[in-house]
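Undergrad: Task: produce atomic coordinates for the following.
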Amino acid sequence: MKKKIYIAYIVLSLIGFAVSLYLTVEHFLKSQGACDFNATVSCSLVNTSIYSEILGIPVAIFGLLWFVALFLLAWQAYTKKDKKQQKRLLYWNIGGLLFVVYLIIAEILLKAICPLCTAVHVIVLVALGLSIYSYKNNMNNNNIQYYTKGHKFS
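TA: Model (predicted):
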């Protein structure tokens, strides 16, 4: 993977962590958030709803942990230059996408949108896009190396 992609992962994970931390604090304070504009566009409505916890744990904490893991996976991929890390990042981001789907369904059921949650959704989608790009690019490079060594695909 190119250095710029690692930097992008790290920046995305730090921004995602910061947003998730804010949402976690707001969840516990149960106060009106900075992104409460009306009954439809309201972080606190979504962040304190019945969908805001899984097994009593705020989903924002899952976001914190997810972004820490994304940071560690990206850092490990950068420092080790291990191509298996690209696959791990891809799978991790696919898992993130599944969680984003859950969160979007919750917003649909609540008939409300949380702008900061949407920011997290976008960050996860961008990270997924990066991992798909990196994985495909790595696969193409492997195929080129395979051909240049005189091998054929079976």
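
Undergrad: How many neighbouring residues does Leu98 have?
TA: 10 (other CB atoms under 10 Å). Backbone N, C-alpha and C define where each C-beta goes, glycine included.

Undergrad: just checking, what packs against the helix or strand bottoming out on mean pLDDT in the chain?
TA: The weakest-scoring helix or strand in the chain, judged by mean pLDDT, DSSP states H and E, is helix 115-148 (a mean of 81). In terms of contacts (3 or more CB pairs under 8 Å, 6 or more residues apart in numbering; DSSP states H and E), helix 115-148 is packed against helix 3-29, helix 43-47, helix 59-80, helix 84-110.

Undergrad: would you turn those into TSV with mean pLDDT and distance to Phe37?
TA: Formatted as TSV, the helices and strands packed on helix 115-148 follow (pLDDT from 0 to 100; distance: least, CB to CB, whole Å):
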stretch	mean pLDDT	distance to Phe37
helix 3-29	93	15
helix 43-47	90	9
helix 59-80	92	19
helix 84-110	93	14
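
Undergrad: To Val124, which of those helices lies closest?
TA: helix 84-110 (4.3 Å; CB to CB).
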